[in-house]
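Engineer: Need a 3D model of the sequence below.
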Amino acid sequence: MGLASATSVALAGLDGHMVEIEAFTGRGLPRTVLVGLPDAALYESRDRCRAAVDSTGFPWPDRLLTINLLPATLPKSGSHYDIGIVTAILGASGVAPSRSLADAVLLGELGLDGRVRSVRGLLPCVLAAKLNGFTRAVVPAGQVHEARLVGGMDVIGVATLTELVDLMHGRPVPAPPTPSRRGGLQTERPDLADVVGQAEAKWAIEVAAAGRHHMFLHGAPGVGKTMLVERLPGLLPDLTPAEALEVAAVRSLAGATSQSDLDLRPPYSDPHHSATIPSLVGGGPGVARPGSISLAHRGVLFLDEAAEFRPKVLDSLRTPLEQGSVTIGRSLHQACYPARFQLVLAANPCPCGHAETPGGNCTCLPARIRHYRERLSGPILDRIDIHQHLMPLVRSQIQGHLVASESSRTVADRVAEARARQARRFRGLGWLTNSEVPGPALRSVLPLPDGLELLDDAVRRGSLSSRGVDKSLRLAWTIADLAGKDVPTRTDIRLALALRRGEPGLEGAA
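Structural biologist: Next up is the predicted model:
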């Protein structure tokens, strides 16, 4: 009889729980029993591990083998437990020292030929191990550089089961290959100078970038809505290393390609209008996976042709827009994913797109136009800070574009200065941008600007909701930050109202 154990990680969203894997060989007919609430992929680990051990030439226990996953009440899923299970089995059967890897967390999937394969969610698993006091991790050789994004961890990569056994005996294992770098092949980012005309919309995009405000662009097809949004990420400042690590953890859990360096650029996600609620918000059968809103965490979520999305899909964004996270419930556990994204919607005025185009010959019936616009519910539109209508270009705008047009770098510098002013103003308060400031803090922590009667008049006329008042104040602070002012003025309040209600007449500000 023999008893050995190893350690792995169970994930519930981005939260990791340490799992102790026990292997016991005792009296009884030769068979393998796996207990501890495993899912189908984990339950099949018995067969994968046995085939890998046999193909590598190591002996498999010829008696009753019991594998226990602790805590027994915690649901466990995935194939990353394989090398932890086989380590415990080989230790219990006496093939290798049973306590050699007791201080390490083991993550990796086994192939039938004994190769150790990459797994989904490696980065959040290593982060959880570090938070629980572990300083050593054994991972697939192809994911060593991804695991080393977590500082303070001694990461060892194994490519085969043979190397894992060598590691258990204290013998050295080959170092993983250095990932190839594609120097000089960086994709050129879209430049704001490529967009012809649309000076008001460009200024609105700048305000959205400076304060991380949500935005709705509407107008006829071909006026430049998609082009403008594609250039929005290029105006945003880089992420901090901590934010980039958080984004990388979400991408790792979603099964994105492993990375060897932190990407400091904000992510950009643009799901198709046929997306379902689980694909957008997160979910799926069994273990809930992160959706597009979590993949856009700390970045931009762009819903093009927003009116073509199913209304229930769009309405599922209400809570994440307010809370900055999404919690997905299952019968045995809950998964919580970060979702602090900047939402940008784009839509045409009607199904054919020419309802508001002079001489556009719109063929849509009034009832159909009304039904098309109602697909964007009032609660969703009320959560959007900036409403911007784009008009078709005229000849003078095209000719003016040939003379001068600001580049993304120039606008990004102004955005960075505005973000720096916000960081100084909110130092020690827990907020980073104007869009994150709670309503009560707008009226108690920050000084009240002049021109509040303009907001009162809009509320009295019914053109502004209570939520709209707070959003207009946040917009006014962002406009003031871009202009280098300490407190918004009456003009800033008026411009914020125009942005909030989608009114034209921002030529002076642009």
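Engineer: What's the separation between the nearest residue to residue 31 once chain neighbours are set aside and residue 53?
Structural biologist: In space, and not counting its chain neighbours, residue 31 is closest to residue 64: 6.2 Å by C-beta to C-beta, 6 or more residues apart in numbering. For the C-beta atoms, the positions are set from N, CA and C on the backbone; glycine is no exception. Distance of residue 64 to residue 53, computed by C-beta to C-beta, to the nearest Å: 16 Å.
Engineer: now do residue 127
Structural biologist: Distance from residue 127 to residue 53, by C-beta to C-beta: 30 Å.
Engineer: next one: residue 84
Structural biologist: 14 Å.
Engineer: Between those two, point out the one with more neighbours.
Structural biologist: residue 84 (27 against 22; other C-beta atoms under 10 Å).
Engineer: Let me see the contact set for residue 122.
Structural biologist: Shown in contact with residue 122 (C-beta atoms under 8 Å, 6 or more residues apart in numbering): 80, 107, 139, 140, 143, 146, 147, 252, 258.
Engineer: Lowest-confidence one in the residues you listed?
Structural biologist: When the contacts of residue 122 are sorted by pLDDT, the bottom entry is residue 258 at 63.
Engineer: Distance check, residue 466 against residue 346.
Structural biologist: Distance from residue 466 to residue 346, by C-beta to C-beta: 27 Å.
Engineer: If you could redo that for residue 51, that was the one I meant.
Structural biologist: The spacing between residue 51 and residue 346, counted by C-beta to C-beta, is 51 Å.
Engineer: Which one's more surrounded, the two?
Structural biologist: residue 346 (22 against 16).
Engineer: Please give me every residue in contact with the more buried one.
Structural biologist: 216, 217, 218, 225, 226, 229, 302, 303, 304, 305, 306.
Engineer: Please report how far the fifth one lies from residue 99.
Structural biologist: Distance check for residue 226 against residue 99: by C-beta to C-beta, it reads 59 Å.
Engineer: for the helix or strand where residue 124 lies, what is the average pLDDT?
Structural biologist: Following DSSP states H and E, one finds residue 124 within helix 122-131. Averaging the model's pLDDT scores along helix 122-131 yields 96.
Engineer: right, and the helix or strand after that helix?
Structural biologist: strand 136-140.
Engineer: Strands of the stretch 1-150 of the chain, start to end?
Structural biologist: Listed in chain order, the strands of the stretch 1-150 of the chain (DSSP state E, counting those that start in this stretch) span residues 2-12, 15-26, 31-35, 64-70, 105-106, 109-110, 116-117, 136-140.
Engineer: how about these, which one is nearest residue 496?
Structural biologist: strand 15-26 (38.5 Å; C-beta to C-beta).
Engineer: Name every strand pairing with that closest one and say which way it goes.
Structural biologist: Sheet pairing for strand 15-26, assigned by DSSP bridges, gives strand 2-12 (antiparallel), strand 64-70 (antiparallel).
Engineer: Can you give me the buried ones in that strand?
Structural biologist: 15, 16, 18, 19, 21, 22, 23, 24, 25 (16 or more other C-beta atoms under 10 Å).
Engineer: From these, pick the one nearest residue 498.
Structural biologist: residue 15 (43.3 Å).
Engineer: Give the burial count for residue 222, as a bare number.
Structural biologist: 13.
Engineer: gap between the nearest residue to it once chain neighbours are set aside and residue 261?
Structural biologist: If the residues on either side of it in the chain are set aside, residue 222 comes closest to residue 392, at 7.8 Å by C-beta to C-beta, 6+ apart. To residue 261, residue 392 is 43 Å away according to C-beta to C-beta.
Engineer: Give me the more crowded residue out of these two.
Structural biologist: residue 392 (18 against 12).
Engineer: Can you pull out the low-pLDDT segments for the stretch 151-300 of the chain?
Structural biologist: 179-187, 257-259 (pLDDT under 70).
Engineer: which stretches of it form strands?
Structural biologist: 154-158, 215-219, 268-269, 282-283, 289-290, 300-303.
Engineer: Any buried residues in the second one, and which?
Structural biologist: Which is strand 215-219. Quick answer for strand 215-219 (16+ other C-beta under 10 Å): 215, 216, 217, 218, 219.
Engineer: Count the residues that sit near residue 480.
Structural biologist: Residue 480, neighbours per other C-beta under 10 Å, totals 23.
Engineer: ditto for the one 4 residues further on
Structural biologist: In terms of burial, residue 484 registers 10 neighbours under the definition other C-beta under 10 Å.
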